[in-house]
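K.L.:
Provide a 3D model corresponding to the input given below.
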Amino acid sequence: MSVLEMKVPSPGESITEVEIATWLVKDGDYVEKDQPIAEVDSDKATLELPAEQSGVITLKAEEGDVVQVGQVVCLIDMDAARPEGAAPAAEAPKQEEAPKAAEPAKQEAPKPAAPVAAPQTYATGAPSPAAKKILDEKGMDAGQVSGTGRDGRITKTDAELAAVPALGGSPMTATGARTTTTTKLSVLRRKIAQRLVSVKNETAMLTTFNEVDMSEIFRLRKQYKEEFAQKHGVGLGFMSFFTKAVTRALQMYPDVNASIDGDFKVNYDFCDISIAVSGPKGLMVPVLRNAENMSFAGVEANIKDLAVKVRDGKITVDEMTGGTFTITNGGTFGSMMSTPIINPPQSAILGMHNIIQRPVAVDGQVVIRPMMYVAMSYDHRIIDGKESVGFLVAVKEGIDNPVEILMGGDERKGLGL
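P.N.:
Residues are numbered from 1 along each chain as shown. From the prediction side, this is the model:
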């Protein structure tokens, strides 16, 4: 009997453990080589785990388990025959009888040397021993608790979170729905939470604000958007203007483009700009490498490529590490004003917000202009107030007057037209 032990591959150099987010197959299923069998969460990204060979699979870990890189998570019996009528992996979900066909294979396949962890250890909805002890101490019945474990079993966490009904009352007397749902945070979300708390505790974070006039950018986009798209194959968005304005400001104020390493300050002579992108698994920050050397079209093309990878779950760890400064755009969700939090080990972040038509004074006259508030959070341990304010003013100059500041006075040449 040829049984393959599938181990967790390393998603990246600094990652030592992952969490089994979702099994895409069932215990005893027949899987094809290279078929995605699981999604695993690391502290940086969600990755697919493909089958290394074809055969009948035996799961050795459950959803939610945190496993070490190199640990065996499933076995594949390569000698097992494909069940009659079983479709190729891409079509398997469409076959209603596929689970029934897989069941005999599970019973007839030779048992591996190590016993399979039986999912039926507890009856459906029953508490684990640890959970039962906690419920007994609370004087609660298992029927009052909704289980989140496999087959609905009640875990220790479920029991700890279960609320004891108030004295003199009963949950049955409530007139509306009073259900709760407890979901374990993914490794990625837990890591983000840990990093954000550490930023608040370990940095002297302050935020400075300003506002920018988007009139010129609106004009340029309206005038050249079709010609720009035809020539470069991408749209002319706001992010390329802000990225160009930020890289210019970073070169003017190099301490903003720096980080702290113990008792030392590390200055970077390149601008690797992290762009915050909302994806299915949360906020990701892919990096534009050497953004200071990119054209408007180069910035737009790279942002588009990275955003698609984030939304399709194909972004790699390497593409999200090593940034020196971050730009985040809460305005896409309607935010008028916020204090963005630093993305460690960086020392500063720029927050964009929504664009509102507001009355402003221009040359002694009140006019209506598309205005945006911008915010820069920074680590005061390494960046002084003068540098932070000067940096944000430099960004404002580039946005208010992009032709002169960002394009050298020639808008067509600046846009690569």
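K.L.:
going forward, measure contacts and count neighbours with C-alpha atoms only.
P.N.:
Will do.
K.L.:
strands of the stretch 201-350 of the chain, start to end?
P.N.:
Along the stretch 201-350 of the chain, the segments classed as strands by DSSP state E, counting those that start in this stretch run 205-213, 258-261, 264-267, 273-275, 277-279, 282-284, 287-288, 325-329, 348-362.
K.L.:
and A394, its phi and psi?
P.N.:
phi -60, psi -40 (degrees, to the nearest 10).
K.L.:
what do you get for the one 10 residues further on?
P.N.:
E404 has phi and psi values of phi -80, psi -40 when expressed as degrees, to the nearest 10.
K.L.:
mind saving the C-alpha coords of stretch 34-46 as CSV?
P.N.:
These are the backbone C-alpha positions of stretch 34-46, laid out as CSV (Å, rounded to 0.1, in the frame of the first residue of the first chain):
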residue,chain,number,x,y,z
ASP,A,34,-3.3,19.3,-8.0
GLN,A,35,-6.9,19.6,-6.9
PRO,A,36,-7.3,22.2,-4.1
ILE,A,37,-8.2,20.3,-1.0
ALA,A,38,-7.9,23.0,1.7
GLU,A,39,-7.5,26.7,2.4
VAL,A,40,-4.9,27.6,5.1
ASP,A,41,-4.6,30.9,6.8
SER,A,42,-1.2,32.3,7.7
ASP,A,43,-0.6,35.6,9.5
LYS,A,44,-0.2,37.3,6.2
ALA,A,45,-2.4,35.6,3.6
THR,A,46,-4.8,32.7,2.8
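K.L.:
what's in contact with it?
P.N.:
11, 15, 17-25, 31, 47-53, 89-90, 186-192, 281, 313, 315-317, 320 (Cα atoms under 8 Å, 6 or more residues apart in numbering).
K.L.:
repeat for stretch 378-386
P.N.:
Contact partners of stretch 378-386, identified using Cα under 8 Å, 6+ apart, comprise 203-207, 255-256, 259-260, 265, 342, 347-349, 388.
K.L.:
now the end-to-end length of it.
P.N.:
Its first and final residues considered, stretch 378-386 spans 12 Å by Cα to Cα, to the nearest Å.
K.L.:
pull out the buried positions in it.
P.N.:
Y378, D379, H380, I382, I383 (16 or more other Cα atoms under 10 Å).
K.L.:
need the pLDDT of the closest residue to the first one other than its chain neighbours.
P.N.:
In other words, Y378. In this structure, Y378 finds its nearest non-sequential neighbour in A348, 4.2 Å apart by Cα to Cα, 6 or more residues apart in numbering. Here the pLDDT value assigned to A348 is 94.
K.L.:
just checking, A348 touches T326?
P.N.:
Yes. A348 is within contact range of T326, at 7.1 Å (criterion: Cα atoms under 8 Å).
K.L.:
the two: which has the busier surroundings?
P.N.:
A348 (30 against 27; other Cα atoms under 10 Å).
K.L.:
state which helix of this structure is the longest.
P.N.:
When the chain is parsed with DSSP state H, its longest helix is helix 215-232.
K.L.:
name the residues that touch stretch 403-417?
P.N.:
With Cα under 8 Å, 6+ apart, stretch 403-417 has contacts from E227, F228, K231, K244, A245, S295, F296, A297, E397, G398.
K.L.:
nope, stretch 209-217 is what I was after
P.N.:
Contacts to stretch 209-217, defined as Cα under 8 Å, 6+ apart, come from residues 238, 241, 355, 369-376, 392-393, 396, 399-402.
K.L.:
which of those are buried?
P.N.:
Buried among the contacts of stretch 209-217 (16+ other Cα under 10 Å): 241, 355, 369-376, 392-393, 396, 399-402.
K.L.:
that's a helix at R190, yeah?
P.N.:
Yes. Using DSSP: H, G, I helix; E, B strand; the rest coil, the assignment for R190 is a helix.
K.L.:
count the neighbours of it for me.
P.N.:
13.
K.L.:
test for you: state the pLDDT assigned to it.
P.N.:
For R190, pLDDT reads 76.
K.L.:
how close does it sit to S42?
P.N.:
In terms of Cα to Cα, R190 sits 10 Å off from S42.
K.L.:
try D255
P.N.:
Counting by Cα to Cα, the gap between D255 and S42 amounts to 32 Å.
K.L.:
compare the two and say which is more crowded by neighbours.
P.N.:
Taking neighbours as other Cα under 10 Å, D255 and S42 compare with S42 leading, 24 against 21.
K.L.:
beta partners for the residue lying closest to the more buried one once chain neighbours are set aside?
P.N.:
In space, and not counting its chain neighbours, S42 is closest to V18: 4.7 Å by Cα to Cα, 6+ apart. Under DSSP bridges, the beta-bridge partners of V18 are V67.
K.L.:
circling back: least reliable of the strands of the stretch 201-350 of the chain by average pLDDT, please.
P.N.:
strand 282-284 (a mean of 75).
K.L.:
pLDDT below threshold where in the stretch 301-417 of the chain?
P.N.:
For the stretch 301-417 of the chain, no stretch has pLDDT under 70.
K.L.:
repeat the analysis, applying 90 as the threshold.
P.N.:
307-322, 330-336, 343-345, 408, 411, 416-417 (pLDDT under 90).
K.L.:
nearest residue to L250 in space, please, no chain neighbours.
P.N.:
N257 (5.8 Å).
K.L.:
returning to that earlier point: by neighbour count, which of the contacts of stretch 403-417 wins?
P.N.:
Going by other Cα under 10 Å, K244 tops those with 25 neighbours.
K.L.:
okay, it: pLDDT?
P.N.:
The predicted local confidence for K244 is 95.
K.L.:
list the contacts of it.
P.N.:
By Cα under 8 Å, 6+ apart, K244 lies in contact with A291, E292, F296, L406.
K.L.:
could you do D65 as well?
P.N.:
Going by Cα under 8 Å, 6+ apart, D65 touches E19, I20.
K.L.:
what do you get for C271?
P.N.:
Residues near C271 by Cα under 8 Å, 6+ apart: T247, L250, N257, R289, N290, A291, E292, G323, T324, F325.
K.L.:
please indicate which of those are buried?
P.N.:
Buried, going by 16+ other Cα under 10 Å: T247, L250, N257, R289, A291, E292, G323, T324, F325, out of these.
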